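Chemist: quick one, structure for this:
(chains A, B and C)
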Amino acid sequence: MIHRTVIVDNDAFRSWLATANWDTMAFDTETTDLKYTELDINGFSLCDGKKVCYVDLADNVQKDSIIATLKHVLTHPKMKLIIMHNAPFDLMVLHKVGITDPIERIFCTMTSSYVIDENRPSHSLKYRASDELGETVVSFTEAEKEGVHSHNFHTYAQNDALWTYQLFQKDLPIIKKQNLTMLFRDIEMPFQFVLRDLAIEGVLMDAKEMERQKVLAEALLDKLVIRLAELAHIPYVIQKGLSGDQTAQCSVNFNSTAQRVDILQKMGYTLRETTDTGELSTAKDVLERLRPTGEFIDKLIQYLTVRKLVDSFISKLPLLQCSDGRVRTSFNNTVTGRLSSSKPNLQNLPSNRTKSEFDVRACFVAPEGKTLIVADYGGQELRILADQSQDEILLDCFNNGMDVHLIAANKIFGLNLSDEVLFEENKDHEATKEKYKLDRHKAKNGVVFPIIYGKTELGISQDFGITVATATTWITKFFELCPDVHKAIKKCHKFLYHHKYVYTKSGRRRRFERIDNRAKRQAYNFLIQGTAADMLKVAMVKLRHLIKNNPQWECKMVLTVHDEIVFEVLDEYTDEAVSKIEEVMVNAYKLCVPLTVEIGVGRTYSEAK
DNA sequence: GGCTGCGAGACTCG
DNA sequence: TCACGAGTCTCGCAGCC
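Modeler: Numbering: from 1, shown residues only, chains lettered A, B, ... in the order given. Just a heads-up that it's a prediction; the model follows:
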C-alpha cells in the first residue's frame, strides 16, 4: 500500500523528503496552461516508489520557499534519476519556476512507451495506466470539477506520479532486454532537453508583416472571385463592410470540390480522374492538365492556391502567437522517430520557391540585434542510403564529390554526358547542371526517391503521363546503376519477413503486424528516414552543448524541420556560430560517406533558407 | 434550426 | 494494391437536442 500525503508548507515538504528515497523519484506537475509564457504551476507530485505526495502550490504563500526546496532536491548529487511522463513539458515547467538545471539523468515513460512499442494506440499516461496497470482513470476535467484544492484533484495528481513510477519499473527491464538502451539513454533522453528548450524558446513572428500580407491576399481573392464569376457567367455581389472594406460573393463556392465539379461540367469541361471514393476529382494536377484551355482554369488555380495560403497560414498563425510575440509549436516524437509539429505545424510553412508576392516564411524573424541561421544536411537521405546499402556507385559519388542526381538523370534518361562533368569540381559542371536542370529534378524527385521507397511502374507512368513500358525501363536503369541498392531493399524485406520488425543503426525499431507490400515499403523507408531522425537528434544534442558552452552568442535553437535546424544568434557572433555549427553537424553522426551542411543566414526565415 | 463530430478531399512541408 | 512520413484546412453529411 502506497502512503499518500498532501503538503502545503515547506516544513512538511522537508520532513517528507527526509524519509524519502532520493535515488529515483517520479515527478509530475499540474499547471494552468500548456505554453511556456502563459502557464503557471498549481502544484507537483513526487513518488519514490513507497510513498507519494502532492504539494499544493496554488495561492500558497510558501510557494517560493517550497520551490527552493524542490530545486535543492532536483539538483542534488544524491539524486540519481528523475522519472517523468512527457519530460519536456515538466522540464519546461521547472524552467518557468526557476529550476533551469535539474540533473540530466532522466527517464521519460512516454518516450520509453514509444521506443518499446510505437504501435500502441496511445502513449499517454492515462491510456497506459488504464491499459497496462489496470487503473481506473479520471479525466482532468472531472478531477478539477471541485477545484485544485479538492481531494479528488489531489488524488488525481498523486496518481500521475505514482503511475509514472510504476511504468518506469515495467519499462526499464524491457528496454534492456530489447537492446534499446543506447537509443533510449544516449539519444532520446538527452534529446528531451532539446525539446524542452524548443518549447521554451519558440520563434519570433512579425504580426504586422503577416497582417500586411493578409490584406493583400484578401483583396486578390476578391478580384479572383469576381473574374471567375464573370467568366462562368454567374451573378455576384460586392458587399461593403462597416470599415469600408469590400468583399465579393457569388452563388458558387470555388473552394468546394462538389461545386467545382458542377461548374466545370456546366462550362463544358470533361473531367476524367477520380478520387478514392470514385467521385470526380478537381485536384491541382487535374486542373493543371486543363490549364491551357483558358483563363478560367488559370484563375481557379490561383484562387485555390491563395485561399489555402490564407486559410491555413496567414489567418491562422497570428491566433497562436504567444504574448511575447513568439510562436511555440508542439513537437511530437512519432512512429518513425522523426519529429512532427502541431498547433501550429511549423514544418509545413510554404517554401516560396516560386517567389510569390506572399511569403509566410518572411514573417518569421530574428529579434532586434540578432540573425537567423538555417542549417540543413545536404542530400541527407541519399547519403544514408549509400551507407545503408553500401552501394559502390553511391559511395563513390559521395566520397569523390560527384553529382548523384545528374548521374541518375544521365543514366535513366540517356543524356550522354561525359564522366568529367559529373564531378562537382569540374569547370563545366554548373553549366551542365543548369542545362539539364529539369531532367535532374525529374530524376531526383520523380524517379529516384519514389523507386527507393517502392513506387511501381504504374505509379510512375501515371505521374509522368508516360507508358508503363517506359516507366519500367526507368526503374530497370536505376537499379542497373545502383545494383546494391536493389540488393539492400531485398535484404530488408527478407529480414522483415522473418522478424516482423526492422531496425536502424542506432537501434531504433519499427514493428509490423502484417507483412504485405505496404509494410515492405514502409520498412525500407523507415531504415532511411528513421536514421535521418536519429542523426538530427544526435546533432541537436551536441548543438545544445555547443550553445551552452558559448553563452556570449546568446544563441537559441528555435525550430527543426527534418533535415534542417534554425537558430537565432547575436549579429556579431553570426560568422563564428555558423562555422562551429557546421563543424558539429558534419561530425555528429558517423556514416561511410561524408556529411555536408548547407547554411544560410538572414533577418527572416525566408532570407536565411 | 443549430450544433457537433467525422470522413473525404485537398494542400502544405521534408 | 499501386513511393514514405507528417498536420490541418473546408465542405458536406449524419445524428443529436
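Chemist: residue contacts, the residue lying closest to residue A:3 once chain neighbours are set aside?
Modeler: With sequence-adjacent residues excluded and distances taken as Cβ to Cβ, 6 or more residues apart in numbering, residue A:3 is closest to residue A:51, at 4.0 Å. To be clear about C-beta, it is placed using only N, CA and C from the backbone, and glycine gets the same treatment. Residue A:51 is in contact with A:2, A:3, A:4, A:5, A:16, A:20, counting by Cβ atoms under 8 Å, 6 or more residues apart in numbering.
Chemist: selecting buried members of those in ChimeraX, what would you type?
Modeler: Buried residues within those, by 16 or more other Cβ atoms under 10 Å, are selected in ChimeraX with:
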select /A:4,5,16,20
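Chemist: related to what we said a few turns ago, how close does the residue nearest to residue A:3 get to residue A:162?
Modeler: 9 Å (Cβ to Cβ, to the nearest Å).
Chemist: next one: residue A:596
Modeler: Taken as Cβ to Cβ, the span from residue A:596 to residue A:162 is 49 Å.
Chemist: tell me which of the two has more neighbours.
Modeler: Set residue A:596 next to residue A:162 and count neighbours by other Cβ atoms under 10 Å: residue A:162 wins out with 24 against 16.
Chemist: flag the shaky bits of the stretch 401-550 of chain A, pLDDT-wise.
Modeler: By pLDDT under 70, the stretch 401-550 of chain A contains no weakly predicted segment.
Chemist: what's near enough to touch the closest residue to DNA strand B within the stretch 1-150 of chain A?
Modeler: Across the stretch 1-150 of chain A, the shortest distance to DNA strand B (Cβ to the nearest atom of the strand) belongs to residue A:141, at 12.6 Å. Taking Cβ under 8 Å, 6+ apart, we find residue A:141 in contact with no residue.
Chemist: so residue A:297 is in which element?
Modeler: If you go by DSSP states H and E, residue A:297 is part of helix A:295-309.
Chemist: so how far is the very next helix or strand once past that helix from its chain's centroid?
Modeler: Going down the chain from helix A:295-309, the next helix or strand is strand A:326-327, by DSSP H and E. In terms of Cα atoms, centre = their mean, to the nearest Å, the centre of strand A:326-327 is set 16 Å apart from its chain centre.
Chemist: of all the contacts of residue A:51, the one with the weakest confidence?
Modeler: Minimum pLDDT for the contacts of residue A:51 is recorded at residue A:2 (91).
Chemist: residue A:336 belongs to a helix?
Modeler: No. Assignment of residue A:336 by DSSP: H, G, I helix; E, B strand; the rest coil gives coil, placing it outside any helix.
Chemist: shouldn't it be in contact with residue A:533?
Modeler: Yes. Between residue A:336 and residue A:533 there is a contact under Cβ atoms under 8 Å: 6.3 Å.
Chemist: tell me which of the two has more neighbours.
Modeler: Comparing residue A:336 with residue A:533 by other Cβ under 10 Å, the one with more neighbours is residue A:533, at 23 against 19.
Chemist: past the strand or helix carrying the more buried one, which element shows up next along the chain?
Modeler: Following DSSP H and E, one finds residue A:533 within helix A:517-548. Once helix A:517-548 ends, the next helix or strand along the chain (criterion: DSSP H and E) is strand A:556-560.
Chemist: and the next helix or strand along the chain from that next one, what's buried?
Modeler: As assigned by DSSP H and E, the chain's next helix or strand after strand A:556-560 is strand A:564-570. For strand A:564-570, a neighbour-count test (16+ other Cβ under 10 Å) marks A:564, A:565, A:566, A:567, A:568, A:569, A:570 as buried.
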